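Enquirer: Give me coordinates for this.
(one chain, ligands or ions: 1)
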Amino acid sequence: MTTWYEEAFRPGTEIQGKWNGRSYVVERLLGAGSNGVVVLVRRGTARFALKAGHETVDHQSEINSLLAISLTDTSFKNFLIDADDMQVRGKEISFYVMRYIDGMTISHFIHKRGQDWIYVIGSNLLRKLTEIHKSGYVFGDLKIENMIVSKYGDVDLIDFGGVTPKGRAIKQLTEVYDRGYWKMGERVAEESYDLFSFAILLLKSLDQRKRFTAMNKMLPQNRDVDQLMVIMRENSAAAQIAPFLQKALRGEFTTSQEAFHYWKKLISGKKLTQPALKMPWLKICFAASIFIFAATVYVYWPN
Ligand SMILES: Nc1ncnc2c1ncn2[C@@H]1O[C@H](COP(=O)(O)OP(=O)(O)OP(=O)(O)O)[C@@H](O)[C@H]1O
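Expert: Purely as a prediction, here's the structure:
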């Protein structure tokens, strides 16, 4: 059976925005989640990701968050390209257009390229979080599915539905990444909220024995972050960053900047003595990722 979106977004279909009048040509479907359908589109020679929403309220809230973060002087500047309505079978559907990120999930990347990449990817993700936090927001729903890793371990966040101004209640979450689920703190938009999810995200992407699958069904009285220590012990890459992960899970970092400093010290080997961290190629990748980040900031910096 063909779904409404498979029909509406057949490759080659032209999408015409009702209010802004811009048109896009569909290349292919990128994904369909609970909040919408994402398609790769073309406008002239440029490629974008277009997301059409099922639920207007959730979709609008996502656009508002994305707009707020797109207006900041960060690498997220101009992430949102357009927001409009389109007609599908006589019904109006809202959509927004954002930068297209070519890449894969962190789990897929690590599976293909090796676990040691976690240090480069972790640095890049922490840098992104630091940018969001400095702008007065918290990402909120940080999880494997909401980030894309590209070639040199570069990181982009997608799905901004959970972005919340600091101090407010978290508006969108995923249980196993939520510190409230683990009884480790309030569901309040604080930098430490994202850092907790960051630690879970890293552990989950290194969890080769799929221990997290069982954790989804755990009774509240059995949820204890000490259970996560098992994953840290049995995985060599996780073991190397265990001091960081423990601090993040216990809410011992107040800011992401503080966490980033600690992380950098840890992975540069200053605090660790294990030989596995002495990898010259890792330094090269780290330097490459810093270069790409600097180039991105340069390209998107206001003229
Ligand atoms: N900017 C983008 N560039 C490339 N691919 C993207 C982009 N945004 C989303 N995608 C792809 O589309 C998929 C669905 O996107 P998204 O997570 O925003 O949808 P959702 O309906 O909110 O999903 P969920 O049910 O996980 O909340 C993603 O997993 C990703 O593969």
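
Enquirer: Centre of the chain to the edge, which residue is at the far end?
Expert: G90 (34.3 Å; C-alpha atoms, centre = their mean).

Enquirer: How about the contacts made by M147?
Expert: By C-beta atoms under 8 Å, 6 or more residues apart in numbering, the contact set of M147 is 105-106, 125, 155-158, 201. Heads up, the C-betas are built off the backbone N, CA and C, glycines and all.

Enquirer: Same check on G122?
Expert: 198, 202, 241, 263, 267.

Enquirer: Mind listing residues that contact stretch 196-215?
Expert: 106-107, 110, 115, 118, 122, 125-126, 129, 139, 141-144, 147, 176-179, 182, 184-185, 223, 227-228, 230-232, 234-235, 237-238, 241, 244-245, 248-249, 251, 259.

Enquirer: Can you name the residue of this protein nearest to the ligand?
Expert: Closest contact between the chain and the ligand, by C-beta to the nearest ligand atom, is at G33 (1.9 Å).

Enquirer: what number of residues lie near that residue?
Expert: Look at G33: counted by other C-beta atoms under 10 Å, it has 13 neighbours.

Enquirer: Repeat that for the one 10 residues further on.
Expert: Taking other C-beta under 10 Å as the criterion, the count of residues near R43 is 16.

Enquirer: Next: G36.
Expert: 24.

Enquirer: wait, what's in contact with the residue lying closest to it once chain neighbours are set aside?
Expert: Ranked by C-beta to C-beta, 6 or more residues apart in numbering and with sequence neighbours excluded, the top spatial neighbour of G36 is G53, at 4.4 Å. Residues in contact with G53 (C-beta under 8 Å, 6+ apart) are 35-36, 59-60, 62, 93-95.

Enquirer: at 6 Å what do you get?
Expert: Shown in contact with G53 (C-beta atoms under 6 Å, 6 or more residues apart in numbering): 36, 59, 94.

Enquirer: and if you look at I144?
Expert: Taking C-beta under 6 Å, 6+ apart, one finds 105-107, 201 in contact with I144.

Enquirer: Check V39 too.
Expert: By C-beta under 6 Å, 6+ apart, the neighbours of V39 are 9, 26, 29-30, 50.

Enquirer: How much space separates the residue of the chain closest to the ligand from N146?
Expert: 10 Å (C-beta to C-beta, to the nearest Å).

Enquirer: Same question for S34.
Expert: 12 Å.

Enquirer: ok, now G44?
Expert: 29 Å.

Enquirer: From what I see, W117 and G153 are in contact.
Expert: Yes - counting by C-beta atoms under 6 Å, W117 does reach G153; the two are 5.4 Å apart.

Enquirer: Just the mean pLDDT for stretch 267-286, thanks.
Expert: The pLDDT scores in stretch 267-286 average 53.

Enquirer: Would you confirm that A242 contacts M232?
Expert: Yes - between A242 and M232 there is a contact under C-beta under 6 Å: 4.5 Å.

Enquirer: So if I had to pick from these two, which one is more boxed in?
Expert: The neighbour comparison of A242 against M232 (other C-beta under 10 Å) goes to M232, with 21 against 18.

Enquirer: just how off-centre is the helix or strand harbouring the more buried one within its chain?
Expert: Here M232, judged by DSSP states H and E, is contained in helix 228-234. Put simply, helix 228-234 sits 23 Å off its chain's centre (C-alpha atoms, centre = their mean, to the nearest Å).

Enquirer: What average pLDDT does the helix or strand just after it get?
Expert: Of the helices and strands lying after helix 228-234 in sequence (DSSP H and E), the nearest is helix 236-240. Mean pLDDT, helix 236-240: 94.

Enquirer: Show me how far helix 236-240 is from its chain's centre.
Expert: 22 Å.

Enquirer: helices and strands around it, which ones?
Expert: Contact analysis of helix 236-240 by 3 or more C-beta pairs under 6 Å, 6 or more residues apart in numbering; DSSP states H and E lists helix 228-234 as its packing neighbours.

Enquirer: what residues does the helix it packs on touch?
Expert: 203, 207, 211, 238-239, 242.

Enquirer: any idea where the strands of the stretch 51-200 of the chain begin and end?
Expert: 80-88, 91-99, 137-138, 147-150, 154-157, 164-165 (DSSP state E, counting those that start in this stretch).

Enquirer: want to try TSV for those, with distance to the ligand and mean pLDDT as columns?
Expert: Listed next are those as TSV, based on distance: least, C-beta to the nearest ligand atom, whole Å; pLDDT from 0 to 100:
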stretch	distance to the ligand	mean pLDDT
strand 80-88	10	94
strand 91-99	5	94
strand 137-138	17	96
strand 147-150	6	98
strand 154-157	7	97
strand 164-165	15	95
